[in-house]
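Chemist: coords please:
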Amino acid sequence: MTSENSTSHDTVQPRPVIGRLPKYAAGKPPAAIDGLQSYKLSSNENPLAPLPEVIEAIHAQLEINRYPDPLATKLRNALAGYLDVPAEDIVTGAGSLGALNQILATFAGQNEDGVPDEVVYAWRSFEAYPICIETAGASSVQVPLTADGRHDLDAMAAAVNENTSVILLCTPNNPTGPVLLSDEVEDFIAKVPSNVLIVIDEAYQEFVRNENAVDGIESYRKHPNVVVLRTFSKAHGLANLRVGYSVSHPEITAYLRVAATPFTVSSLAEDAAVASLANIDKVVERVQSLVDERERVVAGLKALGWVFPETEGNFVWLPLGANSAEFAALAQGQALSVRGFANEGVRVSIGEVEGNTRFLDLCSKYPKGPGLS
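Modeler: Reported below is the predicted structural model:
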């Protein structure tokens, strides 16, 4: 029996780091407003349903009572043909986040001497990074973004020391949107010791249209310490099925497979991803329609006088600072959910045309937008 005077030592407690971790905040659903169709613009989801061929593949998968292939062989073979890389260089995971967790579990943590590895990354970036890094036992080294929402690669290189084990490069950067350029990444890699793993997180790669943007697969071909993260959640519209993967050289994948959680990609998810790759031309066409919408939204915001970072993802970043919560609440009042980051800004996903138009209308009436007098 527990007495009123019991201390925390009398109850089960998590590791101390858990109490210090930020909480991951998923995008909220939109409010239900009479007379208005609700639109969720808070989670960077693809608003388009998967291809009919993908739905058919999902319906055809009946062996739910069986464990999936732990190596996702069909998917890795399909990706090998699509990316022109060896299948052995691909390790699947539960989304790109699952693939990242495998990397961190393998290469970042606390060493036998008790000194934690350090993981260097830009901030603000993907909000799961600090959670994943510190859960793995490593230490976060956050390098502030530049004023225009870009990675400060010079400062990131300067932050590398003898304890650095992994560097994360998020391109396009979530939530701010800018993409890393090929030349600057090559220069950055040249400054980093070859025993430091460089992870290029390309969850939004299919939405990039900048011809000078870095291509993670090309970087991996050149550098044995580069790992690429990609996902089927965004462009392919399979977020609910959790299909991601990493691409790296055999001396890295051999260790990743030791730490990989078995059976993370279900047979249903694998078949869906394979079917989507088999119809990649249709996927590309759909992605282009979302890029066109992104460009319409960007042009609309610029016409209103809003100032914000260049975006190559399926979202835009509004650097609203202290006004972020107010704007997010106003959006909810218009049956739009957006992703607010307290005192920093608001990320708005590119969604259905009507939802995007309503968002632009809200911006036209909001007097405190960045750049407005």
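Chemist: Can you tell me the closest non-neighbouring residue to His151?
Modeler: With C-beta to C-beta, 6 or more residues apart in numbering as the criterion, His151 has its nearest non-adjacent residue at 4.4 Å, and that residue is Ala122. C-beta here means a position set from N, CA and C on the backbone, and glycine is covered the same way.
Chemist: That neighbour sits in which helix or strand?
Modeler: strand 118-123 (DSSP states H and E).
Chemist: And the helices in the stretch 51-200 of the chain?
Modeler: Remark: helices assigned in the stretch 51-200 of the chain by DSSP state H, counting those that start in this stretch are 52-60, 73-83, 95-107, 128-135, 153-158, 182-191.
Chemist: Which one of those helices lies nearest to Ser165?
Modeler: For Ser165, the closest of those is helix 95-107, at 5.5 Å, according to C-beta to C-beta.
Chemist: Determine the set of other helices and strands touching the closest one.
Modeler: Using 3 or more C-beta pairs under 8 Å, 6 or more residues apart in numbering; DSSP states H and E, the elements in contact with helix 95-107 are strand 90-93, helix 128-135, strand 164-170, strand 197-201, strand 226-231, strand 244-247, helix 250-259.
Chemist: Adding distance to Ser349, mean pLDDT and mean neighbour count as columns, could you present the ones you listed in a markdown table?
Modeler: What follows is the helices and strands packed on helix 95-107, written out as a markdown table (distance: least, C-beta to C-beta, whole Å; pLDDT from 0 to 100; neighbours: other C-beta atoms under 10 Å):
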| stretch | distance to Ser349 | mean pLDDT | mean neighbour count |
| --- | --- | --- | --- |
| strand 90-93 | 23 | 96 | 26 |
| helix 128-135 | 17 | 94 | 21 |
| strand 164-170 | 16 | 98 | 25 |
| strand 197-201 | 18 | 98 | 25 |
| strand 226-231 | 15 | 98 | 26 |
| strand 244-247 | 19 | 97 | 26 |
| helix 250-259 | 30 | 93 | 15 |
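Chemist: I figured Thr261 hits Gly98, correct?
Modeler: Yes - using C-beta atoms under 8 Å, Thr261 and Gly98 qualify as a contacting pair, with a distance of 7.4 Å.
Chemist: which of the two has more neighbours?
Modeler: Comparing Thr261 with Gly98 by neighbour count (other C-beta atoms under 10 Å), the higher total belongs to Gly98, at 22 against 12.
Chemist: In contact with that one, which residues?
Modeler: Arg242, Gly244, Thr261, Thr264 (C-beta atoms under 8 Å, 6 or more residues apart in numbering).
Chemist: Closest to Leu169 out of those residues?
Modeler: If you rank these by distance to Leu169 using C-beta to C-beta, Gly244 comes first, at 16.4 Å.
Chemist: Looks like the closest one contacts Ile90 (just checking).
Modeler: No - Gly244 is not in contact with Ile90 according to C-beta under 8 Å; the separation is 10.7 Å.
Chemist: And the most centrally placed residue in the chain, how far from Arg66?
Modeler: In the chain, the residue lying closest to the centroid (C-alpha atoms, centre = their mean) is Ala203, at 5.0 Å. From Ala203 across to Arg66, the span is 30 Å (C-beta to C-beta, to the nearest Å).
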